[in-house]
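1. Mind looking at a prediction? Sequence and model below.
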Amino acid sequence: MKQQLVRWGMSPLPRWIGRRLAGSFLPIFMLHRCTDDSGRPDPRQIQAFRDCLSYFRQQGYQAISLQQLFESMDAGEPLPERTAVFTVDDGFHDQAEILGPLFAGFDIPLTYFVITDFLEGKLLSWDDHLLYVLEHTNLESIPVTLPNGQDFVIDLSPPKPHRPVREALKSADQNRIYDWLDHLYDAARVERPEDIPDTYRPMNWQQARALIEQGHAIAPHTRSHRILSQLSDEEARQEILGSWEDLQRKLPGCSPVFAYPTGRNTDFTPRDRKIVEDSPLLGAVSTEPNPVQPGDDRYALPRFGMPTNLVDFMQYLDYIEVLKGKLRSLIN
């Protein structure tokens, strides 16, 4: 039923009416990895992205970089119609090796938000350490003490056992989260790897430069992917500004835009927004799932997760999701 309704809504007359009711808007899409649980390329997901991009081009939509969007805002221009922005978070090797050429083949620029200490090979992000532990433990449950002193039992029986403990860790003190990981490994009876496991391998700086040459952009996503709202003032400043400084040293032509780690409204604060605003960075994005509309805060623009089916992509790309939001606000 949903598929039929969306496809009907994208036929000429409903689309013409819907766009006028929706007003001005622009979707920003966010991608992560394109691999399966074993770290191998996921053919079904990759084909789904290819189908969405083919539709995007066949229907005459345009793609711009996030930096171009902020520059058009600075120029006082309205949001461009039938246009979208595509972004990628973290900086894994598959994102460079697969997504870069895929999107370049459709002449669509990606803005890559990279964790700079990850690209340096200094760390694997704390949330990926968590995934690694849960994939390799032989226990059915893991009792841990969270950084805030709370006792917590990780139950490995649900389909996605990392979600409850990840949410708990996101709201706990993250100043020493990487030291706390030793406790997690011990509790799970898993040996902590000395090097970043191949499944979680980052892109390297040469690949990042090649992405820029392909027409993509590389931008900061902090140094260590810690949750900014759970850091001290100085740690938060170093995460945001330090990652931008790292990129400037490594990548001439990097893009002055920023993405908050995990990106919910509770994951960053007005303090963090002000750090970005007072820096050379042009703006920032969150992960709140909405289209960009006139008057939105340029230091916390929303993003949709990139759908892996065409119907959902059509819905987020055009007016349908905007009208749904307007209806929800009227009802509430």
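-> It's in. Numbers count the residues shown, from 1 in each chain.

2. Report the contact partners of the residue lying closest to residue 222 once chain neighbours are set aside.
-> Leaving aside its chain neighbours, residue 222 sits nearest to residue 239 (4.2 Å; criterion: C-beta to C-beta, 6 or more residues apart in numbering). C-beta coordinates here come from the backbone N, C-alpha and C atoms, glycine included. For residue 239, the residues meeting the contact criterion (C-beta atoms under 8 Å, 6 or more residues apart in numbering) are 222-224, 226, 228, 231.

3. which one of those is nearest residue 39?
-> Distance to residue 39, by C-beta to C-beta, is smallest for residue 224 among those, at 21.6 Å.

4. helices or strands up against the longest strand seen in the chain?
-> Across the chain, the strand with the greatest residue count (assigned by DSSP state E) is strand 83-90. In terms of contacts (3 or more C-beta pairs under 8 Å, 6 or more residues apart in numbering; DSSP states H and E), strand 83-90 is packed against strand 28-31, strand 62-63, helix 66-74, strand 110-114.

5. check contacts around residue 100.
-> By C-beta under 8 Å, 6+ apart, the contact list for residue 100 reads 110, 207, 210-211, 214, 216.

6. Swap in 6 Å and give it another go.
-> Contacts for residue 100 (C-beta atoms under 6 Å, 6 or more residues apart in numbering) come out as 211, 214.

7. Give me the local confidence score for it.
-> Model confidence at residue 100, given as pLDDT, is 97.

8. which SSE is it in?
-> Taking DSSP states H and E as the definition, one finds residue 100 inside helix 100-105.

9. circling back to that earlier point, pLDDT value on the residue nearest to residue 222, please?
-> pLDDT recorded at residue 239 is 98.

10. Next, the angle from the one helix or strand it maps to to strand 110-114.
-> Using DSSP H and E, residue 239 sits within helix 233-250. Taking axes from the mean of the first three to the mean of the last three C-alpha atoms, to 10 degrees, one finds helix 233-250 and strand 110-114 inclined to each other by 130 degrees.

11. List the buried residues of helix 233-250.
-> For helix 233-250, a neighbour-count test (16 or more other C-beta atoms under 10 Å) marks 235-244, 246-247, 250 as buried.

12. now do stretch 219-229
-> Neighbour-count burial for stretch 219-229 flags 219-229 (criterion: 16+ other C-beta under 10 Å).

13. Could the C-alpha coordinates of the helix or strand containing residue 47 be exported in PDB?
-> Element membership for residue 47, per DSSP H and E: helix 43-58. Written as PDB, here are the backbone C-alpha positions of helix 43-58 (Å, rounded to 0.1, in the frame of the first residue of the first chain):
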ATOM      1  CA  PRO A  43      25.800  -6.300  -2.900                       C
ATOM      2  CA  ARG A  44      22.100  -5.700  -2.000                       C
ATOM      3  CA  GLN A  45      22.800  -2.500  -0.200                       C
ATOM      4  CA  ILE A  46      25.100  -1.200  -2.900                       C
ATOM      5  CA  GLN A  47      22.600  -2.100  -5.600                       C
ATOM      6  CA  ALA A  48      19.900  -0.300  -3.600                       C
ATOM      7  CA  PHE A  49      22.000   2.900  -3.500                       C
ATOM      8  CA  ARG A  50      22.600   2.500  -7.300                       C
ATOM      9  CA  ASP A  51      18.900   2.300  -7.900                       C
ATOM     10  CA  CYS A  52      18.200   5.400  -5.800                       C
ATOM     11  CA  LEU A  53      21.000   7.400  -7.700                       C
ATOM     12  CA  SER A  54      19.700   6.200 -11.100                       C
ATOM     13  CA  TYR A  55      16.200   7.500 -10.100                       C
ATOM     14  CA  PHE A  56      17.700  10.700  -8.900                       C
ATOM     15  CA  ARG A  57      19.400  11.400 -12.200                       C
ATOM     16  CA  GLN A  58      16.600  10.200 -14.400                       C
END
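
14. which residues pair with the residue positioned nearest the centre of the chain across the strands?
-> Closest residue to the average C-alpha location of the chain: residue 89 at 4.0 Å, with C-alpha atoms, centre = their mean. Under the criterion DSSP bridges, residue 89 forms beta bridges with residue 113.

15. I figured it hits residue 113, correct?
-> Yes - applying C-beta atoms under 6 Å, one finds residue 89 in contact with residue 113, separated by 5.0 Å.

16. sorry, back to before: and the angle for the helix holding residue 47 with strand 83-90?
-> 150 degrees.

17. buried stuff in stretch 285-305?
-> Across stretch 285-305, burial judged by 16+ other C-beta under 10 Å covers 285-287, 290-293, 296, 298-304.

18. From these, pick the one nearest residue 269.
-> The nearest one, if we look at these relative to residue 269 and count by C-beta to C-beta, is residue 300, at 10.7 Å.
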